[in-house]
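A.B. asks: model the structure of this input:
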Amino acid sequence: MKSKNLLIIANSFPHKNCLYGGIFVKEQIDALAENFNKIYIIAPTPHLPEFFGRFEWIPECWRKGINPIDYSYNNIQVYFPNFFMPPLNFLREKYAESAYKSTLKLILKENINFDMIHAHFIYYAGYVGAKLKEKYKKPLIITGHGNDVYELPFRFKNFEKMAKYALGNANYVTTVSKSNYEKLIELGVEKEKCIVIPNGYNEKIFKQISEQECRNRLNIPENKKIIVSVGMLEEIKGHEYLIKAMRKIVDKEKDVLCIIVGSGQLKSKLQKSINNLHIDDYVKLVGAKPHNEIPLWMNACDLFVLPSLSESFGVVQIEAMACGKPVVATRNGGSEEIIVNENLGYLVEPKNPDELAKKILLALNKEWDEEYILNYVKKFSSDEIAKETLKVYERVLR
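C.D. replies: As a prediction, the model looks like this:
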């Protein structure tokens with residue numbers, strides 16, 4: 001394997017203007033890197049004139065990702081070829097073809113040689129990977145992560161057509177949860193070439209740090225019970241229900257503070273809800289934070305909460321557990337496969353502030369076994385997940 005070159009096609013990848021985009025892809029690749037001669041990452045990037053950067057309805061990584069700069073580190077080379085993609089759903093099929101053309105042009109220009117292709121996300125990276133497989137006759141693995149499995153292939157007919165084309169050309173398909181696996185089988189993927197490999201966390205970053213030290217560094221009160229939630233401020237993440245739950249919690253306990261880390265188009269709406277419920281002193285929107293700062297927020301809290309309406313996996317949960325923290329999450333499709341018993345946290349129905357408030361209060365007043373949580377989460381470390389991914393690579397290359 002160490003003589004081989006791996007080509008990664010990804011919808012997004014971290015760069016200096018957008019540190020979050022594709023961070024879970026980067027962490028998997030970093031754990032795999034020593035097993036390859038060279039890894040090439042191509043993240044075809046929608047080109048938007050800077051004028052569009054002012055519109056919040058355009059995804060943040062697109063707005064911040066205008067003209068990202070190629071870079072390299074260790075044995076990894078990262079490229080961001082541009083293609084034109086106005087955010088109009090009915091043109092999505094043409095976008096995928098444009099992404100392929102920009103990728104192919106780059107491969108020819110840089111004379112990139114590779115032995116295997118791994119595409120992250122079915123659309124549009126999987127489509128690009130399938131076209132490259134046809135041209136170069138190299139094996140292809142596709143990983144379905146989230147809405148590319150449970151939403152995109154089914155929302156529009158042309159999405160389903162492209163998804164089936166991509167998946168039908170893959171030698172192997174991996175995905176991050178059992179619920180995603182079932183969707184992929186429904187979409188026509190053969191069971192013998194589909195496997196669940198969950199997302200992993202970076203054990204070098206997400207680990208226990210002194211709670212007091214973290215609170216001091218972040219200027220968080222030491223005399224309060226701290227709840228932390230991390231995620232984009234979008235409807236699917238369910239923060240409005242966490243805010244409503246906090247109103248009920250504050251009526252019973254005053255020594256609590258909920259900190260929501262993340263940015264997004266719902267920031268103004270969520271802040272207005274906080275103001276209207278008169279809980280400004282109990283719920284704080286602190287904005288997006290660098291990835292390497294997130295462990296500080298997680299270690300500073302007593303409880304991590306994930307109120308999402310839908311998740312393919314929800315890697316933030318295992319990152320919080322790696323810091324020794326219990327989790328209250330919704331039954332969202334991914335969390336049920338992580339919070340498997342009440343020694344790790346509690347599960348509630350989505351969109352239910354009453355039940356969410358009840359479980360948060362219960363969790364805040366429970367003595368948790370940190371060692372049990374830390375031992376449980378080790379199986380999700382990036383090194384362990386890399387081993388499972390390498391097994392797939394070896395099968396494909398054989």
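
A.B. asks: need the strands for the stretch 101-250 of the chain, in chain order.
C.D. replies: According to DSSP state E, counting those that start in this stretch, the stretch 101-250 of the chain carries its strands in the segments 116-120, 140-144, 172-175, 194-196, 225-230.

A.B. asks: deepest of those, which one?
C.D. replies: Between these, the one whose residues have the most neighbours on average, counting mean count of other CB atoms under 10 Å, is strand 140-144 (a mean of 28). The way it works is simple: take the backbone N, C-alpha and C, and place the C-beta from them, glycine included.

A.B. asks: which other residues reach that one?
C.D. replies: For strand 140-144, the external contacting residues (CB atoms under 8 Å, 6 or more residues apart in numbering) are 116-122, 125-126, 129-130, 132-133, 166-167, 169-176, 180, 183-184, 197, 312, 392-393, 396.

A.B. asks: note down every partner strand of it and its orientation.
C.D. replies: Strand pairing for strand 140-144, using DSSP bridges, gives strand 116-120 (parallel), strand 172-175 (parallel).

A.B. asks: and the strands of the stretch 101-250 of the chain as a markdown table, adding mean pLDDT and distance to Phe206?
C.D. replies: Listed next are the strands of the stretch 101-250 of the chain as a markdown table, based on pLDDT from 0 to 100; distance: least, CB to CB, whole Å:
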| stretch | mean pLDDT | distance to Phe206 |
| --- | --- | --- |
| strand 116-120 | 98 | 21 |
| strand 140-144 | 96 | 21 |
| strand 172-175 | 96 | 22 |
| strand 194-196 | 96 | 22 |
| strand 225-230 | 98 | 12 |
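
A.B. asks: switch those strands over to a markdown table; also include distance to Phe80.
C.D. replies: Formatted as a markdown table, the entries for those read as follows, by distance: least, CB to CB, whole Å:
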| stretch | distance to Phe80 |
| --- | --- |
| strand 116-120 | 15 |
| strand 140-144 | 20 |
| strand 172-175 | 24 |
| strand 194-196 | 30 |
| strand 225-230 | 25 |
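
A.B. asks: closest one to Asn343 among those strands?
C.D. replies: Taking CB to CB as the measure, those were each checked against Asn343, and strand 225-230 came out nearest at 19.2 Å.

A.B. asks: just checking, what packs against the closest one?
C.D. replies: Of the remaining helices and strands, those touching strand 225-230 by 3 or more CB pairs under 8 Å, 6 or more residues apart in numbering; DSSP states H and E are helix 239-250, strand 256-261, helix 294-300, strand 303-306, helix 353-364.

A.B. asks: partner strands of that strand, with direction?
C.D. replies: Strand 225-230 has these strand partners (DSSP bridges): strand 256-261 (parallel), strand 303-306 (parallel).

A.B. asks: need the contact partners of that strand.
C.D. replies: Residues from elsewhere that reach strand 225-230, judged by CB under 8 Å, 6+ apart: 215, 220, 239, 242, 246, 253, 255-262, 294, 297-298, 300-307, 316, 320, 360, 364.

A.B. asks: report the buried members of those residues.
C.D. replies: Buried by 16 or more other CB atoms under 10 Å: 215, 220, 239, 242, 246, 256-262, 294, 297-298, 300-307, 316, 320, 360, 364, out of those.

A.B. asks: tell me the contacts of the nearest residue to Val196 once chain neighbours are set aside?
C.D. replies: In space, not counting the residues next to it along the chain, Val196 is nearest to Tyr181; the distance is 5.2 Å by CB to CB, 6 or more residues apart in numbering. The contact partners of Tyr181, taken as CB under 8 Å, 6+ apart, are Thr175, Cys194, Ile195, Val196.
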